[in-house]
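K.L.:
sequence and predicted structure below; questions after.
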Amino acid sequence: MRDGVLKMEKPAEVSLLCMKNISVKFGSITALDGVDFSVGENEVVGLLGSNGVGKSTLIKTLIGFHKPSSGEVYFEGEKIYFDSTWYARSKGIETVFQDFSLAENLSIYQNFFIGRELLLVNKFFKFQNRKKMHHLAEKYLREIGLTRNIKLDEKVSLLSGGERQLLSIGRACYFVEKLLILDEPFSALSESSVQKVLRAIENVKKRGISIIFVTHHAPEVFEIADRFVILENGRNYANLKKEDTDIKELEKLLISSRLTVVKEMAAGIAHQIRNPLGIMKVSADVLKRKVSSYNKHKDEVEKIINVLSNEINTLNHI
């Protein structure tokens with residue numbers, strides 16, 4: 001922001017990924033509302049915004065978890081629809097989710113190579129090359145920060161939350177070919193582990209790979225990002241290049257976006273309170289739900305009336 005003017009950058013001219021006018025609805029709830037998002041070749045984009053603004057929904061829509069209600073996705077200039085994470089992975093996209101996506105009953109090194117096991121092939125049989133997988137997984141995970149004295153052939157269930165996160169991040173960094181997506185990657189990591197992961201991410205970029213870094217903490221991503229996209233209430237709020245902002249201005253924008261959401265929520269509540277019909281609608285809906293759970297006896301009428309009265313009182317005191 002310069003002189004009070006929010007500068008909105010155009011998407012990169014050469015885009016690896018381009019998402020246009022993406023909307024996602026879950027019943028009557030609009031999670032994304034006409035969002036535009038792009039990632040250039042060998043670009044690191046920080047996808048920012050407070051919790052619940054649609055960051056993870058946008059990522060999950062990209063890789064096939066959610067089906068968009070409208071909009072288009074282009075990858076390497078080709079219009080495409082990723083209907084599964086496996087399809088996205090086949091196109092060179094690796095994603096680290098907040099839930100880590102690990103198989104509890106498998107060992108650490110098996111989780112590292114899950115779905116991409118190395119094979120030994122002879123004339124008649126194929127065998128998993130367990131020795132090589134163990135060696136490669138251990139080498140890479142030790143470098144990225146898995147330092148505790150634990151054997152990689154032990155079950156992944158023995159790992160702490162931070163160690164599981166390191167495993168997921170390390171696996172994605174090792175296998176990614178074109179686009180790495182990190183969804184809140186530092187949530188369970190110590191400061192020393194964060195620095196090692198940042199170095200690993202920098203090495204991924206040196207390989208010519210693009211990165212989407214999803215977070216609600218601007219300092220986490222400011223050091224390594226080339227551009228920042230801020231979402232607010234399921235919509236685009238800001239799109240800035242690193243050279244056009246600084247960490248203080250970026251954090252001010254994040255605070256401003258949160259205030260915008262609060263104002264919209266407050267306006268909606270105020271409208272509902274001022275509008276008797278709105279109160280009546282809410283009360284009727286509550287009454288309808290409650291009636292279905294009661295027997296049709298006279299002594300239940302009082303309970304229903306009490307429910308209706310309590311709901312109106314609640315609305316009047318919001």
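P.N.:
Yes, it's here. Everything quoted here is computed from the prediction, not taken from an experiment.
K.L.:
got a list of what residue 188 touches?
P.N.:
Shown in contact with residue 188 (Cβ atoms under 8 Å, 6 or more residues apart in numbering): 160, 161, 162, 164, 165. Every C-beta, even on glycine, is put in place using the N, C-alpha and C of the backbone.
K.L.:
let's verify it: helix, strand, or coil?
P.N.:
coil (DSSP: H, G, I helix; E, B strand; the rest coil).
K.L.:
distance check, it against residue 26.
P.N.:
27 Å (Cβ to Cβ, to the nearest Å).
K.L.:
for residue 94, same thing?
P.N.:
Separation of residue 94 from residue 26 (Cβ to Cβ) stands at 26 Å.
K.L.:
one more: residue 241?
P.N.:
Counting by Cβ to Cβ - residue 241 and residue 26 are separated by 33 Å.
K.L.:
got a list of contacts for stretch 91-105?
P.N.:
Against stretch 91-105 from outside (Cβ under 8 Å, 6+ apart): 56, 59, 63, 75, 80, 82, 85, 88, 110-111, 114, 155-157, 164-165, 167-169, 171-173, 175-185, 187.
K.L.:
please redo it, this time with the cut-off set to 6 Å
P.N.:
Stretch 91-105 has contacts (Cβ atoms under 6 Å, 6 or more residues apart in numbering) with 63, 111, 156-157, 164, 168-169, 172, 175-185.
K.L.:
what's the ChimeraX line that selects buried ones from those residues?
P.N.:
Buried subset of these, written as a ChimeraX selection, criterion 16 or more other Cβ atoms under 10 Å:
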select :63,111,156,164,168,169,172,176,178,179,180,181,182,183,184,185
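K.L.:
quick one, strands of this structure?
P.N.:
15-26, 29-40, 44-48, 70-75, 78-79, 93-96, 119-121, 126-128, 179-183, 210-215, 227-232, 235-241 (DSSP state E).
K.L.:
please identify the most buried of those strands.
P.N.:
Mean neighbour counts were taken over those using mean count of other Cβ atoms under 10 Å, and the top value, a mean of 26, falls to strand 44-48.
K.L.:
run through the stretch 151-300 of the chain and note the low-pLDDT ranges.
P.N.:
Residues of the stretch 151-300 of the chain meeting the criterion pLDDT under 70: 258-300.
K.L.:
show me where it has helices.
P.N.:
For the stretch 151-300 of the chain, the helices defined by DSSP state H, counting those that start in this stretch occupy 161-175, 191-206, 218-222, 247-274, 276-292.
K.L.:
list the helices and strands the shortest one packs on?
P.N.:
This means helix 218-222. helix 247-274 (3 or more Cβ pairs under 6 Å, 6 or more residues apart in numbering; DSSP states H and E).
K.L.:
tell me, how many residues neighbour residue 115?
P.N.:
7 (other Cβ atoms under 10 Å).
K.L.:
dump the residue contacts of it.
P.N.:
By Cβ under 6 Å, 6+ apart, no residues touch residue 115.
K.L.:
switch to 10 Å and redo it
P.N.:
86, 89, 175 (Cβ atoms under 10 Å, 6 or more residues apart in numbering).
K.L.:
quick one: it from residue 103, how far?
P.N.:
10 Å.
K.L.:
same check on residue 96?
P.N.:
Residue 96 is 15 Å from residue 103, by Cβ to Cβ.
K.L.:
same thing with residue 197?
P.N.:
Distance of residue 197 to residue 103, given as Cβ to Cβ: 22 Å.
K.L.:
quick one, which of these two is more surrounded?
P.N.:
residue 197 (21 against 12).
K.L.:
wait, residue 137 sits on residue 112?
P.N.:
Yes: if you go by Cβ atoms under 10 Å, residue 137 and residue 112 touch, sitting 3.9 Å apart.
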